[in-house]
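A.B. asks: Mind looking at a prediction? Sequence and model below.
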Amino acid sequence: MLASCQAPSAGLESTNQLDLNARSPAKVTTRGAGPVMKPASQAARYEVFPGASPAAEGDGAEPPAGVGEQADGKFTVNLDGATIAEASKLILGETLGYNYTIDQNLPPSSITMVSNRAVSARQLLDAFEASLRTANAALVKSDGNFRVVMQQAMENDASNLDTGRDVSPGYGVSAIPLRHVGPGTMVNLLDGFMQQLGSAKAWNAGNMILIRGPASQRRALVEVVTNFDVDTMRNQTFGMAALENGRAEEVATQVMKVFAQDNASAGSNGLKVIPVPNINSLIIIANDQAKVRRAITWVRRLDRENLDAPKSYVYAVQNGNAVELAKILSATYGGSAGAGATAEVAPDSPQMDVSLDSGSADQQGQDPSQGDMGGVPQPPQVQPEQQGSDPTSTSSTSQTAAAGGGGGGGGGDAKGIRITPIPANNTLLIRASPRDYREILSTLAQIDQPSTQVLISTTIAEVQLNDTLKYGVQAYFESGNFSFVLTEKTSTAGSVISPKLPGMNLVMGGISNPQLVVDALSKVTNVRIVSSPSLLVMENETATIKVGDQVPIQTQTETTQGGQTVNSYEYRDTGVVLKVKPRVNANGVVMIDLGQELSAVQQDTGIGGQPKFTQRTISSKVSVNDQQTVLLGGLINGTEDRSRVTVPGASQLPLLGRLVGTTGGIATRNEMIVFITPTIVRNGEEASQMSQDLRAKMKNLNFD
């Protein structure tokens, strides 16, 4: 920011810093005091530290309650929780002897003022005015009297107008005439001070600036104006440079070293760089505008952040989990991570593990199918490294094991990188140098992505095996001994069904509708659709669906002292239980961890009258393209219904009954097959389309 003055002047020493800090007559702080007025919420507390002789300072004891006057004409104040009306009466009326009025629209509020040392009348009035600001009130002086009004009412009020550099008490406007610096230039120079010290406007016609605010704030700005509006500033060009990284004093010294030769030249050719520490800015003064611009250019060059100095950054996680991201980043940038920050993959498991229990499982107080997936064999899981502390309560740090003491949560590595998750608002607190933070941001941009969803469409069917299908469904399709062709509009003749892996594991080419295969099989045998669930699940998350009944199982029997028998029961799920966990590769291939169970209660009972269960399970990990159907099966279960035909009445005769009757049985073999079709859903529009397609498919399913 550049600004020019109006008249020639001599040079100004640049080696001394100009004190531009805002001043007030006394420093006002808060501290406790006993109640004087009726109790109320404490809006503010003030403590005054004026310059005083040792004899006037006292011993620091708490002043008496109320407002007291000392022999030297100064005052002590101790108001705790006083209402505005009570404080106005004590300070304005009884102590200072002013006439005053109070706006009846003021909301109920209280103020607190405490001083350990005596203050002057003006300092007491300034402190009272500051206390009123905490209650959104203002003090206005008009015709020798004071008014206590709402602060909003004074935004356009100019009744308390001061002309010159003397500031009257209360809220008002000070019109300050300028002699050497233009109004626009002065307002630009005051811009950094006006955030907390009122407001200022230029009045070019009258060569004045207008400052609005309470008396203490106007007095501070008037003092700043006085420092700038001097004869030596005429015909000078000003520049204002706000620093972002460096400290004002250090950058000012470096700029002056660059211009050392020019600064050593005579008079008006010199450059002045004045640091303003309280707003971390530089004021650059010269009689040559080009020199000021050149100085600002050097300020930009020197005000660069230290790329190796650590700083603290807060990153708001967009899509992922802050704790998980902290583990990944700590393991990446620190070699060995802090508590819970690493993970390892469990040993590889077979591509397909099929188990069949066509017999019975006697339930005697313990369900043998209980496990992590509730009876369904678990797919391979990712197991986090065991640590001794909760990762959510300890920061995940990028420290080596040697530096951190065996994976602890404190300290950092040689680079000083420290990453702490904040689960409460899902953010990351990152302590790193700017250079390292840029690299971390680049990594986060790639891993903090929206999670992909997968629609898993599943059809579970039970096929009755006959002479045509005596070797199972897979052998039937591989034999080619059928007179129909499975086609869809999008499929080709050569991509009907093909084996993917050894065992019952078929990929159905371009066919994505299991109903086509079900209809084809129903031409040669009986097919019953057991269930047709569809699950929309996030990537790397497990989804579960259960269709069936809960059967009570007696787990414990106790006899009380009164002879009563108490039985304890628990319920076991029967029917269809399906658990899937998809993972999507970049090329659109979906990896599915699958757990499938089909269980039922047998008609006969086991030991102690407990129910017996049949159970068929599949645990598999399959790979399939987007919208491609895979067929799993091969689980065959056989049952036999036996019956006896006899002559009526003869079956009751001893020995003869066995000779006149015949015994026969009907054996039935069924195979359970599962169709799985994953569809990748990457955004909301695709999810809406999937819902519409699902409703259309549900209308076409037949449940026999």
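C.D. replies: Yep, it's here.

A.B. asks: Which strand residues bridge the nearest residue to N585 once chain neighbours are set aside?
C.D. replies: Leaving aside its chain neighbours, N585 sits nearest to M591 (7.0 Å; criterion: C-beta to C-beta, 6 or more residues apart in numbering). For the C-beta atoms, the positions are set from N, CA and C on the backbone; glycine is no exception. On the basis of DSSP bridges, M591 is bridged to R583, S623.

A.B. asks: Return the residues in contact with M591.
C.D. replies: Contacts for M591 were tallied using C-beta atoms under 8 Å, 6 or more residues apart in numbering; they are P582, R583, V584, N585, K621, V622, S623.

A.B. asks: Buried residues of the top strand by length along the chain, list them for me.
C.D. replies: Longest strand in the chain by number of residues (criterion: DSSP state E): strand 662-681. Buried residues in strand 662-681, counted by 16 or more other C-beta atoms under 10 Å: 669-681.

A.B. asks: repeat for stretch 532-548
C.D. replies: So for stretch 532-548, counting by 16+ other C-beta under 10 Å, buried means S532, P533, S534, L535, L536, V537, E539, T542, A543, K546, V547, G548.

A.B. asks: V187: which of those is nearest?
C.D. replies: Nearest to V187 out of the buried residues of stretch 532-548 is E539 (C-beta to C-beta; 57.9 Å).

A.B. asks: Got a quick ChimeraX command for the buried subset of the contacts of M591?
C.D. replies: The following ChimeraX line selects those of the contacts of M591 that are buried, judged by 16+ other C-beta under 10 Å:
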select :582,583,584,621,622
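
A.B. asks: Among the contacts of M591, which one sits closest to L444?
C.D. replies: V584 (20.2 Å).

A.B. asks: list the contacts for that closest one?
C.D. replies: T452, V454, E539, V590, M591, I680.

A.B. asks: buried ones in the helix or strand encompassing D593?
C.D. replies: D593 belongs to strand 589-605 when assigned by DSSP states H and E. If you call a residue buried by 16+ other C-beta under 10 Å, then strand 589-605 has these buried ones: V590, I592, D593, L594, G595, Q596, E597, L598, S599, A600.

A.B. asks: Same question for stretch 290-302.
C.D. replies: Across stretch 290-302, burial judged by 16+ other C-beta under 10 Å covers K291, V292, R294, A295, I296, W298, V299, L302.

A.B. asks: In three-state terms, label the first one for me.
C.D. replies: Here K291 takes the helix state, with states given by DSSP: H, G, I helix; E, B strand; the rest coil.

A.B. asks: What of the fourth one?
C.D. replies: Secondary structure of A295, reduced to three states by three-state DSSP: helix.

A.B. asks: Nearest residue to it in space, please, no chain neighbours.
C.D. replies: Per C-beta to C-beta, 6+ apart, closest to A295 is I284, 4.8 Å.

A.B. asks: burial measure for the one you found, as a count.
C.D. replies: By the measure other C-beta atoms under 10 Å, the count of residues near I284 is 27.

A.B. asks: Tell me the bridge partners for it.
C.D. replies: According to DSSP bridges, beta-bridge pairing links I284 with G239, V273.

A.B. asks: So it is in contact with A242, correct?
C.D. replies: No - taking C-beta atoms under 8 Å as the definition, I284 is not a contact partner of A242, at 11.9 Å.

A.B. asks: any idea which of the buried residues of stretch 532-548 is closest to Q318?
C.D. replies: Looking across the buried residues of stretch 532-548 and measuring by C-beta to C-beta, the closest to Q318 is E539, at 16.0 Å.

A.B. asks: What residues does the closest one make contact with?
C.D. replies: Counting by C-beta under 8 Å, 6+ apart, E539 has contacts S451, T452, Q453, V454, P582, R583, V584.

A.B. asks: G68 pairs with what?
C.D. replies: Beta-bridge pairing of G68 under DSSP bridges involves T76.

A.B. asks: Pull the contacting residues for it.
C.D. replies: G68 makes contact with F75, T76, V77, according to C-beta under 8 Å, 6+ apart.

A.B. asks: redo that, cut-off 10 Å
C.D. replies: By C-beta atoms under 10 Å, 6 or more residues apart in numbering, G68 lies in contact with K74, F75, T76, V77, N78, T95, A118.
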